[in-house]
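A.B. asks: A predicted structure for the sequence below; I have some questions about it.
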Amino acid sequence: MKPSCISLITDFGLSDEYVGVMKGVIASINPHTTVIDITHHIAPQNIIQAAYTLWFSYAYFPQNTVHVVVVDPGVGSTRKIVALKTEKAYFLAPDNGVLSLILNEHPCTAVYVDRSEFFLKTVSGTFHGRDIFAPVAAHLSKTRNLYQFGSTIPSTQVVTLSNPLPYIENDTLFGQVVMTDHFGNIISNISEKDLDRIGLANGLNESACIHIKDKRIAGIVGHYGQCKKGELLAILGSKGFLEISINCGNASQEIAVEIGCQICITKNNDLTK
Amino acid sequence: MKPSCISLITDFGLSDEYVGVMKGVIASINPHTTVIDITHHIAPQNIIQAAYTLWFSYAYFPQNTVHVVVVDPGVGSTRKIVALKTEKAYFLAPDNGVLSLILNEHPCTAVYVDRSEFFLKTVSGTFHGRDIFAPVAAHLSKTRNLYQFGSTIPSTQVVTLSNPLPYIENDTLFGQVVMTDHFGNIISNISEKDLDRIGLANGLNESACIHIKDKRIAGIVGHYGQCKKGELLAILGSKGFLEISINCGNASQEIAVEIGCQICITKNNDLTK
Amino acid sequence: MKPSCISLITDFGLSDEYVGVMKGVIASINPHTTVIDITHHIAPQNIIQAAYTLWFSYAYFPQNTVHVVVVDPGVGSTRKIVALKTEKAYFLAPDNGVLSLILNEHPCTAVYVDRSEFFLKTVSGTFHGRDIFAPVAAHLSKTRNLYQFGSTIPSTQVVTLSNPLPYIENDTLFGQVVMTDHFGNIISNISEKDLDRIGLANGLNESACIHIKDKRIAGIVGHYGQCKKGELLAILGSKGFLEISINCGNASQEIAVEIGCQICITKNNDLTK
């Protein structure tokens, strides 16, 4: 038996039986697959957070993992369900933009998932995680045959987020907050490559000035120890993206940011400006 | 090696080592079984919520799954432990009513679990999840032999909940709240079949009037979109039972219901009555 | 394929992708190992709580389990990483004292983990759980060869906690709070053996007087039922250590203790003293 792996990202939380029931369905169809929870604590219906969580995670999983995202404000409506195949993995999600960053980075084969013979016999109007996503993921982990689940579509037809990737205007780099974590770190969508584009090479440039809400931060540090306790700092985090943190503190509580909040960066650390 | 599966429902939460230790015990005895968490967030010692969580879940698990429920206010007292076998699955729980709904629906074989050779060598007074339930479940998942764990009893001897199933009095259907979920949905024990009994066929009848606390809701909708945002609605949820929800809102916070709260339904939508 | 098991203790919480990503890395290297979460809710950077959680858990896991503790305030600094082998299991953790209680109890073989060929190719400054602990644990679960990961050191060289084990001064036994649980139980590091040392044989002696903050508790009970509802009590808990609880209540909320809080016990139940 070839080992196989399914990962789950949802906004279901862990207090109800929903996630366990999805795993029951998966085990009924493919008892040999390993199911790994990435997180079930996506903020309710927050597609941006789910998209970035997937993007920050998938590369660390085994080849051919089936990544399932059930953050699905349109459940029960006419929204479609898509499955993608890249060189590295499979992806299964509602067609609502949650796979944007994968599509952006990889050549993909895409299908609309609409062959109901792979669904549970009764499909409810509100819990497609159990009735469609779990059984399709389990079958996909067994057969690795994307085409059996529906008709192939051009990957350009898959819905993508309108939220922009970081961009430059008037020498200012504009990005956004895509999540905050358990430790209070504020995670942006700004990568080292983006910083390079405005001449902040290797991400450690002291001349960066980061603006978030009414705060300004001078410079990007290499490690927390370069700042005093309690001080706001900017750092390239373990995901490879710029994070705003407080040394021994909780930045997301201190600044009270929301997902989607703008971050802008100029090459200039004159805080008196 | 035949695949086997054990599901867990407890009120232990996930912040302590309790659930992990149960899984350590299981893996020590049957390293090949798949353990699936249904939930560990049952309200402390809430037998009704645990009973319904099990009932809403078990049908989605593999044939012969061993479902373990450790919600056990009587741990350390003289309460007994029971194991059931139905056509579909095995069930292991304290004999406190938590298996009522399974017993109600299925012909069962039942045993009192009292053969201490299947327990851990030292049995504490407060953590039978680790010392009795985990090792017995692991052995049961391996051997599928119920009879080795104790003496057979008539299944009518197993303790059942005194909380009634929905009933009709004076043309009014009386049910109760059995749980609330992460999204704020209020889940009742009233099924479509119950609604039929007072002539509210197919559960979509506009002439239903639902009373919960000081609120009245007119009609049962087919999907959330039939109501305005922020409005209370009644709907047949994904579990097949009547739920009270708010379109884009949190009904259980809004109404502040407790598990056990009465819901009554009349065939009449004259809200001025 | 020999079954193998990895347990995880971290302070990462479950809301982010961190734990899932560690499991993805493990599954990429050893897809056949069973990963069991002990807890991810250690209070941020609380080494004492992590040390005791491990100590209360490891004996219940399969022989040769690899226990991984990632509670790591020094990540990115020059702190080392250690791996231990005892007769029962393997242990992998930052060299910060979190393995003290294991070292205290068992003869160990110890190595500094520094062979980077077992790490991920890129090692971040902030997430060694993903980049070092997960891949090393996965390799160790496969090969069970401690020596390949770095140079052997005397186990006396491994960092230990300065927090003392219980000790006796002037006929008083001094211990401390090492965790509180989901049910509000306050767990101490005082074992039955410690109680014996001041003549409180078999832990049930009515002549014990327990002091915690401004409270005094007379006697150690055998089960909750010996006290009235709402009353503070002392009991030998399922971990084998003295716990302070409230029958049908939440002692840790009532007394508002912190981890590290002192508990002292005298052989004397004259509460008027």
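C.D. replies: Yep, that arrived.

A.B. asks: for chain C, what are the nearby residues on the stretch 51-200 of chain A?
C.D. replies: A:53, A:56, A:57, A:60, A:61, A:62, A:63, A:65, A:179, A:181, A:182, A:183 (Cβ under 8 Å from any Cβ of the partner chain). C-beta: built from backbone N, CA, C; applies to glycine.

A.B. asks: Which of these sits closest to residue A:18?
C.D. replies: residue A:53 (17.8 Å; Cβ to Cβ).

A.B. asks: pLDDT averaged over the helix or strand harbouring the closest one - what is it?
C.D. replies: Residue A:53 belongs to helix A:47-57 when assigned by DSSP states H and E. Mean per-residue pLDDT for helix A:47-57: 95.

A.B. asks: go on, stretch A:69-76?
C.D. replies: pLDDT averaged over stretch A:69-76 gives 90.

A.B. asks: Check stretch A:213-233 too.
C.D. replies: 88.

A.B. asks: Please identify the buried residues of it?
C.D. replies: Using 16 or more other Cβ atoms under 10 Å in any protein chain shown as the burial criterion, the residues of stretch A:213-233 that qualify are A:217, A:218, A:219, A:220, A:221, A:224, A:227, A:232, A:233.

A.B. asks: Pipe these into JSON lines and attach distance to residue A:70 and secondary structure per row.
C.D. replies: Output for the buried residues of stretch A:213-233, formatted as JSON lines (distance: Cβ to Cβ, whole Å; DSSP: H, G, I helix; E, B strand; the rest coil):
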{"residue": "A:217", "distance to residue A:70": "36", "secondary structure": "strand"}
{"residue": "A:218", "distance to residue A:70": "41", "secondary structure": "strand"}
{"residue": "A:219", "distance to residue A:70": "40", "secondary structure": "coil"}
{"residue": "A:220", "distance to residue A:70": "36", "secondary structure": "strand"}
{"residue": "A:221", "distance to residue A:70": "37", "secondary structure": "strand"}
{"residue": "A:224", "distance to residue A:70": "35", "secondary structure": "helix"}
{"residue": "A:227", "distance to residue A:70": "39", "secondary structure": "coil"}
{"residue": "A:232", "distance to residue A:70": "35", "secondary structure": "strand"}
{"residue": "A:233", "distance to residue A:70": "35", "secondary structure": "strand"}
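
A.B. asks: Who are the contact partners of residue A:63?
C.D. replies: The contact partners of residue A:63, taken as Cβ atoms under 8 Å, 6 or more residues apart in numbering or on different chains, are A:88, A:89, C:28.

A.B. asks: out of these, who has the most neighbours?
C.D. replies: residue A:89 (20 neighbours; other Cβ atoms under 10 Å in any protein chain shown).

A.B. asks: Am I right that that residue is in contact with residue A:61?
C.D. replies: Yes - contact criterion Cβ atoms under 8 Å: residue A:89 and residue A:61 qualify, at 6.7 Å.

A.B. asks: which residues do those two both contact?
C.D. replies: By Cβ under 8 Å, 6+ apart, the residues touching both residue A:89 and residue A:61 are residue A:67.

A.B. asks: For chain A, which strand extends over the most residues?
C.D. replies: strand A:172-180 (DSSP state E).

A.B. asks: which strands and helices sit next to that strand?
C.D. replies: Judged by 3 or more Cβ pairs under 8 Å, 6 or more residues apart in numbering or on different chains; DSSP states H and E, strand A:172-180 is in contact with helix A:47-57, strand A:167-169, strand A:186-191, helix A:192-197, strand A:262-267.

A.B. asks: That one pairs with which strands, parallel or anti?
C.D. replies: strand A:167-169 (antiparallel), strand A:186-191 (antiparallel), strand A:262-267 (antiparallel) (DSSP bridges).

A.B. asks: Just want the angle from that strand to helix A:47-57.
C.D. replies: Here strand A:172-180 runs at an angle of 90 degrees relative to helix A:47-57 (axes from the mean of the first three to the mean of the last three Cα atoms, to 10 degrees).

A.B. asks: buried residues in strand A:172-180?
C.D. replies: Within strand A:172-180, judged by 16+ other Cβ under 10 Å, the buried ones are A:173, A:174, A:175, A:176, A:177, A:178, A:179, A:180.

A.B. asks: Pick out whichever of the residues of the stretch 51-200 of chain A next to chain C sits closest to chain B.
C.D. replies: residue A:182 (13.0 Å; Cβ to the nearest Cβ).

A.B. asks: Can you tell me how far residue A:174 is from chain B?
C.D. replies: The gap separating residue A:174 from chain B is 30 Å, by Cβ to the nearest Cβ, to the nearest Å.

A.B. asks: quick one: residue A:4 from chain B, how far?
C.D. replies: For residue A:4, the distance to chain B - Cβ to the nearest Cβ - is 13 Å.

A.B. asks: Output stretch A:245-263 as PDB, nothing but the C-alphas.
C.D. replies: What follows is stretch A:245-263, C-alpha atoms only, in PDB (Å, rounded to 0.1, in the frame of the first residue of the first chain):
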ATOM      1  CA  SER A 245       6.200  41.600  16.300                       C
ATOM      2  CA  ILE A 246       7.000  42.700  19.800                       C
ATOM      3  CA  ASN A 247      10.000  41.300  21.500                       C
ATOM      4  CA  CYS A 248       8.400  39.300  24.400                       C
ATOM      5  CA  GLY A 249       5.000  40.900  23.700                       C
ATOM      6  CA  ASN A 250       1.800  40.500  21.600                       C
ATOM      7  CA  ALA A 251       1.900  42.800  18.500                       C
ATOM      8  CA  SER A 252      -1.500  42.000  17.200                       C
ATOM      9  CA  GLN A 253      -3.200  42.900  20.500                       C
ATOM     10  CA  GLU A 254      -1.100  46.000  20.800                       C
ATOM     11  CA  ILE A 255      -1.900  47.300  17.300                       C
ATOM     12  CA  ALA A 256      -5.300  45.700  17.000                       C
ATOM     13  CA  VAL A 257      -5.000  45.000  13.300                       C
ATOM     14  CA  GLU A 258      -7.500  43.100  11.100                       C
ATOM     15  CA  ILE A 259      -6.700  40.800   8.300                       C
ATOM     16  CA  GLY A 260      -6.500  42.900   5.100                       C
ATOM     17  CA  CYS A 261      -5.000  45.900   6.900                       C
ATOM     18  CA  GLN A 262      -2.500  47.800   4.700                       C
ATOM     19  CA  ILE A 263       1.200  47.800   5.400                       C
END
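
A.B. asks: Residue A:75 contacts residue A:130, correct?
C.D. replies: No - if you go by Cβ under 8 Å, residue A:75 and residue A:130 don't touch, sitting 11.1 Å apart.

A.B. asks: Would you mind putting the contacts of residue A:63 into TSV with distance to residue C:199 and pLDDT alongside?
C.D. replies: Listed next are these as TSV, based on distance: Cβ to Cβ, whole Å; pLDDT from 0 to 100:
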residue	distance to residue C:199	pLDDT
A:88	65	96
A:89	64	97
C:28	56	98
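
A.B. asks: Filter those down to the ones in helices?
C.D. replies: Taking DSSP state H, the ones among the contacts of residue A:63 that sit in helices are residue C:28.

A.B. asks: From the contacts of residue A:63, pick the one nearest chain B.
C.D. replies: residue C:28 (19.8 Å).
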